[in-house]
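Chemist: one predicted model, sequence on top.
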Amino acid sequence: MQENSINWQVKKRKIIESCNTALTFLASFIVIMAALETALPAFVFKETGFEFYDVRYFWSHVCIAFLLTYLIALIRYFLKRQKELEYLSSRDNLTALLNRNAFDDEVNAYLKRHPDAQGAFIMMDIDDFKGINDRHGHSIGDQVLVTLALNLESVLGHEAIICRNGGDEFCAFLPKDHLDRIKQLNLLDQVYTAKDEQYPFSISIGYAMYPQEALSESDALIKADRALYVVKRHDKNDCLSYQPWMDNAAKRKVKLTSRNMLANLPIAFLICTGQGDREIIFSNQNLLSLLGYASFGDLIKATGGKVMNLVYPTDRPLLEQKITADLATGQVQPFFCNLMTNYHEKKQFFCQSQLVKEPGYGQIFYVALSAMYSR
């Protein structure tokens with residue numbers, strides 16, 4: 001129903017544009033004909049009808065009016081196309097927000113018009129955006145970006161200057177009178193909905209006050225990025241204002257992501273979903289080495305991405321029962337389990353797991369494994 005309504009609105013808009021164009025051309029033709037007839041009359045109105053002075057003048061006037069109307073139409077078309085190209089050159093193709101160059105131009109123009117302006121420069125990005133693309137595909141990832149762009153425009157309002165900085169990163173300038181909207185944005189539940197399926201996501205936000213903490217746009221964005229880095233380094237899905245101590249934190253930047261830390265834990269570690277096919281989300285290098293896999297990709301290829309295909313066949317029914325019971329009660333007990341190596345050998349592990357609800361996944365298991373013996 002909603003889709004049909006949108007299609008009708010698009011068709012109605014095209015019909016109105018076509019009618020306006022036709023009326024403009026007709027009016028232009030009539031005005032030109034009137035001007036030509038005033039300068040050099042070819043006919044006159046009488047009670048008996050038209051009386052031509054010289055019919056050749058009349059048809060000459062018609063041809064001239066038609067050609068001039070056509071010329072006006074071409075000029076209108078090229079002016080319209082020029083405006084469209086100027087608009088497109090300043091916009092991000094996916095979200096229709098300003099691109100970075102246009103953002104810089106608009107901010108500079110705004111600050112020149114308002115030399116005493118105060119406000120906040122904001123840096124934002126989507127938490128674990130690569131994971132969204134990996135789990136749901138790039139088409140869903142693109143729609144998540146579009147959803148965030150719409151939310152930014154809705155919450156920050158038309159007073160804000162907003163752009164997509166590239167990838168999943170966005171930046172904005174918000175005048176001082178509307179700074180409460182940053183908090184509103186931080187509290188907003190971000191979710192993309194399609195075909196009754198929901199794809200929740202979260203964002204991290206850092207911002208710096210202008211001109212109190214920075215005297216230029218570039219300096220303000222650098223400091224906002226430092227605040228964003230501190231948010232990302234901790235819990236993500238939060239909002240922080242720049243503080244001077246963040247300069248030192250930014251200098252100590254290391255690629256110590258959660259994935260890197262899990263990958264290099266001195267124990268074997270696995271993350272899998274609880275519902276459905278028990279999808280394998282992550283395995284660290286320690287577990288891959290114990291099972292004889294060169295990479296996570298090799299593990300996924302061998303198991304089809306399903307954790308039950310990693311379990312030795314005789315253990316699968318009992319483990320399936322245990323997982324079902326754990327999901328029902330929410331209580332997870334340690335257990336022994338035989339896994340199958342890449343060489344089709346049985347290797348026993350003592351497993352300790354934690355059941356957690358994660359946005360986008362539902363119930364997932366974090367499992368630490370200790371190798372016991374192999375056969």
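Modeler: Nice, I can see it. This one's a predicted model, so the numbers in the text were calculated from it and none came from an experiment.

Chemist: quick one: residue 370 from residue 266, how far?
Modeler: Residue 370 sits 11 Å away from residue 266, taking Cβ to Cβ, to the nearest Å as the criterion. Using the backbone N, CA and C atoms, a C-beta is placed for each residue, glycine as well.

Chemist: more crowded one of the two?
Modeler: residue 370 (12 against 7; other Cβ atoms under 10 Å).

Chemist: surely the more buried one and residue 269 touch.
Modeler: No. Counting by Cβ atoms under 8 Å, no contact exists between residue 370 and residue 269, whose distance comes to 10.8 Å.

Chemist: low-confidence ranges, the stretch 51-200 of the chain, go.
Modeler: Counting by pLDDT under 70, the ranges of the stretch 51-200 of the chain that qualify are 51-57.

Chemist: touching the strand or helix carrying residue 184 from outside, list them.
Modeler: If you go by DSSP states H and E, residue 184 is part of helix 180-187. By Cβ atoms under 8 Å, 6 or more residues apart in numbering, the surrounding residues in contact with helix 180-187 are 120, 122, 151-152, 155-157, 160, 174, 203, 205, 207, 238-239.

Chemist: closest to residue 79 among those?
Modeler: The closest of the contacts of helix 180-187 to residue 79 turns out to be residue 160 (Cβ to Cβ; 29.5 Å).

Chemist: OK, contacts around residue 246?
Modeler: So residue 246 contacts 223, 226, 227, 229, 230 (Cβ under 8 Å, 6+ apart).

Chemist: which SS class is the first one?
Modeler: When the structure is reduced to helix, strand and coil (DSSP: H, G, I helix; E, B strand; the rest coil), residue 223 reads as helix.

Chemist: so how far is stretch 156-167 off the chain centroid?
Modeler: 12 Å (Cα atoms, centre = their mean, to the nearest Å).

Chemist: for it, buried residues please.
Modeler: Using 16 or more other Cβ atoms under 10 Å as the test for burial, stretch 156-167 gives 156, 160, 161, 162, 163, 164, 165.

Chemist: excluding its backbone neighbours, what's nearest the fourth one?
Modeler: Right, residue 162. residue 172 (4.4 Å; Cβ to Cβ, 6 or more residues apart in numbering).

Chemist: partners of the host helix or strand of that neighbour, with directions?
Modeler: Using DSSP H and E, residue 172 sits within strand 169-175. Sheet pairing for strand 169-175, assigned by DSSP bridges, gives strand 119-126 (antiparallel), strand 161-166 (antiparallel).

Chemist: distance to residue 66 added to those, as CSV?
Modeler: Output for the strands paired with strand 169-175, formatted as CSV (distance: least, Cβ to Cβ, whole Å):
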stretch, distance to residue 66
strand 119-126, 54
strand 161-166, 46
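
Chemist: of all those, which one is nearest residue 329?
Modeler: Comparing these by Cβ to Cβ, strand 119-126 comes nearest, at 34.1 Å.

Chemist: which helices and strands does whatever helix or strand comes next after the closest one pack with?
Modeler: Counting by DSSP H and E, the element after strand 119-126 in chain order, helix or strand, is helix 129-136. Helix 129-136 sits against helix 138-156, strand 197-201, with contacts defined as 3 or more Cβ pairs under 8 Å, 6 or more residues apart in numbering; DSSP states H and E.

Chemist: buried ones in the longest one?
Modeler: Neighbour counts using 16+ other Cβ under 10 Å place 140-141, 143-145, 147-149, 151-153, 155-156 of helix 138-156 among the buried residues.

Chemist: those residues into TSV, with extra columns for distance to residue 329?
Modeler: Output for those, formatted as TSV (distance: Cβ to Cβ, whole Å):
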residue	distance to residue 329
140	32
141	35
143	36
144	34
145	39
147	36
148	37
149	42
151	37
152	42
153	45
155	40
156	44
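
Chemist: break this structure down into its domains, please.
Modeler: 2-89, 100-253, 259-374 (automatic domain parsing).

Chemist: distance of residue 110 relative to residue 220?
Modeler: Residue 110 is 13 Å from residue 220, by Cβ to Cβ.

Chemist: in terms of neighbours, single out the busier of the two.
Modeler: residue 220 (27 against 15).

Chemist: any chance of the helices and strands packed on helix 129-136 in TSV, with distance to residue 290 too?
Modeler: Formatted as TSV, the helices and strands packed on helix 129-136 follow (distance: least, Cβ to Cβ, whole Å):
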stretch	distance to residue 290
helix 138-156	33
strand 197-201	34
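
Chemist: I appreciate the help and will end here.
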